[in-house]
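**Student:** Provided below are the primary sequence and the corresponding predicted coordinates.
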Amino acid sequence: MNRPAELDVSGCADTSEMGEDADVGSPREACGVFGVYSPGNQVAHMTFDGLYALQHRGQESAGMAVSDAGGVVVVKDMGLVANVFNEYKLAGLQGFLSIGHTRYSTTGSSSWHNAQPVYRVTAPNPERDAPVEFALGHNGNLTNTEALAAAAGMLPGTATSDSDVITELLVRHLDSHPKSDLLTALIQVLPELEGAFSLVLCDAERLYAVRDPHGFRPLGLGRLDGGWVVASETPALDIVGAHFVRELDPGELLVVDADGPQTLRPWPASAIDPKLCLFEFVYLARPDSRLYGQELHGARLRMGELLAGQAPVDADMVMGVPDSGLPAAEGYARASGIRYGHGLVKNRYIGRTFIVPDQAQRAHGVRRKLNPLRSAIAGKKLIVVDDSIVRGTTTRAMVKMLREAGAAEVHLRISSPPYRWPCFYGLDTGTRSELIAANLTVAEIEEYLGADSLAYLRLEALEEATGAVGAGFCDACLTGVYPTAVPVKFAGAPKADELLV
Ligand code: SF4
């Protein structure tokens, strides 16, 4: 366990493009990964469908790599999955083996170069019959990128993302060991990586899937009629008609080839320590996803139910902030007996913009994304449930909007504890100075937001709501206790009362 002690933000993950997600005010996602191995079938359309189901995990760029055993072809571009691929492009991607990726940048800029899959090929070598070419897709964020790059003697600026560093290490191993293959290179390189990484890779003939020893990000295995699928979330298995088999274990390297799936474990047992991101349950993953054996919609309902018991208030209506606040609002209403209703309408056609938003733009962004249902809220005492508050800017604008629409009272209820520490494992939340709960007390936040009351779900209740107590969760952004060393030192440890609000 690591709790940073001094302030030094120089090594922080790139936060230059932080903004707000389509779910207003929530942290932004990292990435979605997908892979399929299905001999005798053309799998590009399947990968398209899988990526479509993972679109919520990254909307900046999308791509896939496809192999027909003769070579790996990569198509990737900026934009949504449906913008990047069309029938013409998919028809040209022939092969039985594919990986795909949807990206939101947590390190590296939002540019075509950093779109994934990352493709690499070994240098010509007379000792090798043919070059090894491979592609990689990464969900997560390495915490030792700079150290890895420095140790490998990579010139500053030659790798623009942590995923670049992984592929560079792999290709260097392959180039210096001409008898080696991608599997051997992975077994050598993976133990050097620190932080969060759920990876999919393919070479010309095999599919590989990797989950880091903490299992920060999800990755599941599905069985197809005549093949195998891996995906960040189970809805991507459902959409291609695959049956969920199991989640990959933390520290598992899965290889799929003509002999079926085979598990290798490149890390010692002592390195395995499950720490699935708690925010996958709160917000990140789709409500129809299953993690640790639980469907997330049910877990989010329970969060709302527990929140109602913990922070009751007299009101006329319970409403959620679309979309991710809705299940917890339903649970709050069910447990409190207060009527559930809709008070905000979401514009479903807001995509991700590539404009760097400033605070004023974020506040205005609320009006682009949400509009109040005046007839439903005018004169009412409202309980408004959301999943989290990060900077507070958009929540403040939303409270103002509700009051202007005639709300008599606005009581905010948040289905997670205060978000006080930055994430280094693939969620883009900003530096500590930008996190409102790191700088203000709950009473001060309530005043800043202009709410009549504000309450957060306690950490113990959140874990109880997951239905997977004891399975192993990361809660570093809530407690300041990081499961790995992180590349930033902070001033001061959290105060005791910061942990239980
Ligand atoms: S720090 Fe928070 S957001 Fe990041 S992996 Fe841990 S629980 Fe998830």
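**Tutor:** The structure has been received and is ready for your questions.
**Student:** once you drop chain neighbours, what's closest to residue 453?
**Tutor:** residue 411 (4.6 Å; CB to CB, 6 or more residues apart in numbering). For glycine as for every other residue, the C-beta is placed from the backbone atoms N, C-alpha and C.
**Student:** okay, that neighbour: pLDDT?
**Tutor:** We have a pLDDT of 98 for residue 411.
**Student:** assign the spatially closest residue to residue 127 that is not a sequence neighbour to helix, strand or coil.
**Tutor:** Among residues not flanking residue 127 along the chain, residue 178 sits closest, at 3.9 Å (CB to CB, 6+ apart). Under DSSP: H, G, I helix; E, B strand; the rest coil, residue 178 falls in the coil class.
**Student:** how close does residue 178 sit to residue 141?
**Tutor:** Distance, residue 178 to residue 141, using CB to CB, to the nearest Å: 32 Å.
**Student:** which of these two has more residues huddled nearby?
**Tutor:** residue 141 (27 against 14; other CB atoms under 10 Å).
**Student:** in the sheet, who's paired with the more buried one?
**Tutor:** Beta bridges link residue 141 to residue 196, judged by DSSP bridges.
**Student:** ok, now which ones touch the residue nearest to residue 453?
**Tutor:** By CB atoms under 8 Å, 6 or more residues apart in numbering, the residues touching residue 411 are 313, 315, 381, 382, 383, 384, 451, 452, 453, 454.
**Student:** next up, phi/psi of the nearest residue to the first one once chain neighbours are set aside, please.
**Tutor:** For residue 313, the nearest residue in space outside its immediate sequence neighbours is residue 411; the separation is 4.8 Å by CB to CB, 6+ apart. Main-chain torsions, residue 411, degrees, to the nearest 10: phi -110, psi 110.
**Student:** where's residue 411 relative to residue 301, distance?
**Tutor:** Taken as CB to CB, the span from residue 411 to residue 301 is 19 Å.
**Student:** for residue 262, same thing?
**Tutor:** For residue 262, the distance to residue 301 - CB to CB - is 38 Å.
**Student:** so for these two, which residue has more residues nearby?
**Tutor:** Ranked by neighbour count (other CB under 10 Å), residue 262 and residue 301 place residue 301 first, with 23 against 12.
**Student:** for the stretch 51-200 of the chain, give me the ranges with low pLDDT.
**Tutor:** 105-110, 156-160 (pLDDT under 70).
**Student:** try 80
**Tutor:** 105-112, 155-160 (pLDDT under 80).
**Student:** residue contacts, the residue of it at minimum distance from the ligand?
**Tutor:** At 6.5 Å from the ligand, residue 196 is the closest residue in the stretch 51-200 of the chain, using CB to the nearest ligand atom. Shown in contact with residue 196 (CB under 8 Å, 6+ apart): 139-143, 212, 214, 216-217, 277, 424-426.
**Student:** rerun that using 7 Å as the cut-off
**Tutor:** By CB atoms under 7 Å, 6 or more residues apart in numbering, the contact set of residue 196 is 140, 141, 212, 216, 217, 425, 426.
**Student:** if we can go back for a sec, what about the residue nearest to residue 127, distance to residue 260?
**Tutor:** 28 Å.
**Student:** can you name the residue of the stretch 301-450 of the chain nearest to the ligand?
**Tutor:** Counting by CB to the nearest ligand atom, the stretch 301-450 of the chain gets nearest the ligand through residue 423, at 3.0 Å.
**Student:** that residue contacts residue 429, doesn't it?
**Tutor:** Yes - using CB atoms under 7 Å, residue 423 makes contact with residue 429 at a distance of 5.2 Å.
**Student:** touching both of these two, which residues are there?
**Tutor:** residue 477.
**Student:** now do the residue of the stretch 51-200 of the chain closest to the ligand against residue 53, distance only.
**Tutor:** From residue 196 over to residue 53 (counting by CB to CB), the distance is 21 Å.
**Student:** same thing with residue 443?
**Tutor:** Residue 443 is 42 Å from residue 53, by CB to CB.
**Student:** which one of those two has more residues nearby?
**Tutor:** Between residue 443 and residue 53, counting by other CB under 10 Å, residue 53 is the more crowded of the two (25 against 9).
**Student:** look up phi and psi at the residue lying closest to residue 192 once chain neighbours are set aside.
**Tutor:** Closest residue in space to residue 192, ignoring its immediate chain neighbours: residue 148 at 6.4 Å, by CB to CB, 6+ apart. For residue 148, the backbone dihedrals (degrees, to the nearest 10) come out as phi -60, psi -40.
**Student:** which single residue of the stretch 201-350 of the chain ends up nearest the ligand?
**Tutor:** residue 277 (3.2 Å).
**Student:** can you tell me which residues contact that residue?
**Tutor:** Contacts of residue 277 (CB under 7 Å, 6+ apart): 216, 217, 284, 425, 474.
**Student:** gap between the last one and the ligand?
**Tutor:** According to CB to the nearest ligand atom, to the nearest Å, residue 474 and the ligand sit 3 Å apart.
**Student:** contacts only, for that residue.
**Tutor:** 214, 216, 275, 276, 277, 278, 425, 483.
**Student:** try the first one
**Tutor:** The contact partners of residue 216, taken as CB under 7 Å, 6+ apart, are 140, 196, 275, 276, 277, 425, 426, 474.
**Student:** make CSV from those residues and add distance to residue 129 and secondary structure to it.
**Tutor:** Shown next, in CSV, are those (distance: CB to CB, whole Å; DSSP: H, G, I helix; E, B strand; the rest coil):
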residue, distance to residue 129, secondary structure
140, 34, strand
196, 36, strand
275, 42, coil
276, 41, strand
277, 42, strand
425, 39, coil
426, 37, coil
474, 44, strand
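**Student:** I'd say residue 410 and residue 402 touch.
**Tutor:** Yes - counting by CB under 7 Å, residue 410 touches residue 402, with 5.3 Å between them.
**Student:** quick check: neighbours shared by these two?
**Tutor:** 382, 384.
**Student:** how close does the closest residue to residue 235 other than its chain neighbours sit to residue 288?
**Tutor:** Distance criterion CB to CB, 6+ apart; nearest residue to residue 235, sequence neighbours excluded, is residue 53 at 4.6 Å. Residue 53 is 9 Å from residue 288, where distance means CB to CB.
**Student:** flag every residue of this protein that's near the ligand.
**Tutor:** The chain comes close to the ligand at residues 216, 277, 278, 279, 423, 425, 427, 474, 475, 476, 477, as judged by CB under 6 Å from any ligand atom.
**Student:** swap the cut-off to 5 Å and go again
**Tutor:** 277, 278, 279, 423, 425, 427, 474, 476, 477 (CB under 5 Å from any ligand atom).
**Student:** so the last one makes contact with residue 424?
**Tutor:** No - using CB under 7 Å, residue 477 is not in contact with residue 424; the gap is 9.3 Å.
**Student:** can you map out the strands along the stretch 251-400 of the chain?
**Tutor:** Secondary structure of the stretch 251-400 of the chain (DSSP state E, counting those that start in this stretch): strands at 253-257, 260-264, 276-277, 290-291, 294-295, 317-320, 344-346, 370-372, 381-386.
**Student:** could I get these as CSV with mean pLDDT?
**Tutor:** Listed next are those as CSV, based on pLDDT from 0 to 100:
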stretch, mean pLDDT
strand 253-257, 98
strand 260-264, 97
strand 276-277, 98
strand 290-291, 98
strand 294-295, 97
strand 317-320, 98
strand 344-346, 93
strand 370-372, 93
strand 381-386, 98
